[in-house]
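**Student:** here's a sequence, model it:
(one chain, ligands or ions: 2)
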Amino acid sequence: MDIKMKKVLTIAGSDCSGGAGIQADIKTITAHKMYAMSAITALTAQNTTGVYGVQEASPEFVAQQLDCIFTDIFPDAVKIGMVSNARIIEVIVEKLKKYNARNIVVDPVMVSTSGCRLLNDDAMEAVINKLIPAADIITPNIPEAEALCGMKIDTTGGMEAAAEKISEALPGSVLIKGGHLSHTADDLLYSKGKAIWFRGERINSPNTHGTGCTLSSAIACNLANGLTMEQSVKNAKAYVTGALKAGLNLGQGSGPLDHCYRINIEGKS
Ligand SMILES: Nc1ncnc2c1ncn2[C@@H]1O[C@H](COP(=O)(O)OP(=O)(O)O)[C@@H](O)[C@H]1O
Ligand SMILES: Cc1ncc(COP(=O)(O)OP(=O)(O)O)c(N)n1
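**Tutor:** Ligands and ions are numbered 1, 2, ... in the order given. Predicted coordinates for the structure are as follows:
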């Protein structure tokens, strides 16, 4: 392996249908021409129509995966997605500290867009008090941001108020994703007391399964490359927009993104 190749680790749940979770992350990291590694926190049985089953990994087995990764191929960035229980969260935070992991992106996955809870009720406290403080950036969608700040968000002004409130207790940055507001796809980065809007073109498509997973792993890739937080978010958003715009249409529900879109563009030139 080329030792200059950047390495990115995803700690998340598996989506057997390949649209979200570990599979979306690995596709995103590979499309960024980086080396992908994974620690699986849960198996899910899901597809484009919904989530039908979840089997959690044991905390001990998550610990074992993380030890294997960090003691051998050290990642340049870490993305954390679905972590459904407090014990697994504790193990992850302990290992991140032990190995001095850097460029940590936390997507605080709580409920799938299809409505399935991916975080146990009793794990919320561990997300707020342990996982989120370990992050360089967290990337909640609107319902997740509402759960974190206890405020209803239905306007872009509401996103600004929520970002300010969430970031009060945080050392890192907050990116509130606007995909759940109708008509826009604007995301708000709140970093070191400064608000920066990333205006997005809203694509009229039902096939948005895995957009949040893809955005957070793309941010991790850009941070691994040494880019600033602002530039990392900007590039990641452009990646998601491109993968949505490519117009892949698979499955009977909300289909996945096209992670081959850059290869297809390069192939044509
Ligand atoms: N229809 C859309 N058109 C363009 N961008 C979108 C669309 N839906 C979501 N996005 C973008 O995808 C990313 C993930 O957003 P969101 O859907 O809010 O999160 P999640 O997938 O975690 O629920 C954000 O950058 C958001 O702006
Ligand atoms: C295993 C797994 N992890 C996360 C999600 C949620 O994916 P996300 O990209 O946040 O959003 P939707 O796909 O639900 O729109 C998932 N479904 N499965």
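**Student:** and the strands in the stretch 101-250 of the chain?
**Tutor:** Per DSSP state E, counting those that start in this stretch, the stretch 101-250 of the chain carries strands over the ranges 104-106, 137-138, 173-176, 187-191, 194-198.
**Student:** direction included, what does the first one pair up with?
**Tutor:** The strands that strand 104-106 pairs with in its sheet are strand 77-80 (parallel), strand 137-138 (parallel) (by DSSP bridges).
**Student:** which ones are touching the residue nearest the centre of the chain?
**Tutor:** The residue lying closest to the centre of the chain (C-alpha atoms, centre = their mean) is Ser216, at 3.3 Å. For Ser216, the contacting residues are Asp25, Lys79, Gly81, Val105, Val106, Asp107, Thr139, Ala236, by C-beta atoms under 8 Å, 6 or more residues apart in numbering. C-beta: built from backbone N, CA, C; applies to glycine.
**Student:** tell me which residues in stretch 70-78 are buried?
**Tutor:** By neighbour count on 16 or more other C-beta atoms under 10 Å, the buried set for stretch 70-78 is Phe70, Pro75, Asp76, Ala77, Val78.
**Student:** and Glu56, its phi and psi?
**Tutor:** When read as degrees, to the nearest 10, the backbone of Glu56 gives phi -80, psi 150.
**Student:** can you name the residues of the stretch 151-269 of the chain sitting close to ligand 2?
**Tutor:** The stretch 151-269 of the chain comes close to ligand 2 at residues Thr208, His209, Gly210, Thr211, Gly212, Cys213, as judged by C-beta under 6 Å from any ligand atom.
**Student:** between those residues, which sits nearest ligand 1?
**Tutor:** For those, the minimum distance to ligand 1 (C-beta to the nearest ligand atom) is 2.1 Å, reached by Gly212.
**Student:** tally of neighbours for that closest one?
**Tutor:** 25 (other C-beta atoms under 10 Å).
**Student:** tell me the SS of the nearest residue to Cys116 once chain neighbours are set aside?
**Tutor:** Of all residues beyond its chain neighbours, the one nearest Cys116 is Val51 (3.6 Å), with distances taken as C-beta to C-beta, 6 or more residues apart in numbering. Secondary structure, DSSP: H, G, I helix; E, B strand; the rest coil: Val51 is strand.
**Student:** local confidence estimate at Val51?
**Tutor:** On pLDDT, Val51 comes in at 96.
**Student:** wait, it sits on Thr113?
**Tutor:** No: proximity of Val51 to Thr113 does not meet the contact threshold set by C-beta atoms under 8 Å, at 9.8 Å.
**Student:** one step back: show me which of the residues of the stretch 151-269 of the chain next to ligand 2 neighbour ligand 1.
**Tutor:** Among those, the residues lying close to ligand 1 (C-beta under 6 Å from any ligand atom) are Thr208, Thr211, Gly212.
**Student:** ok, so of the residues you listed, who is nearest His259?
**Tutor:** The nearest member of those to His259, counting by C-beta to C-beta, is Thr211 at 11.9 Å.
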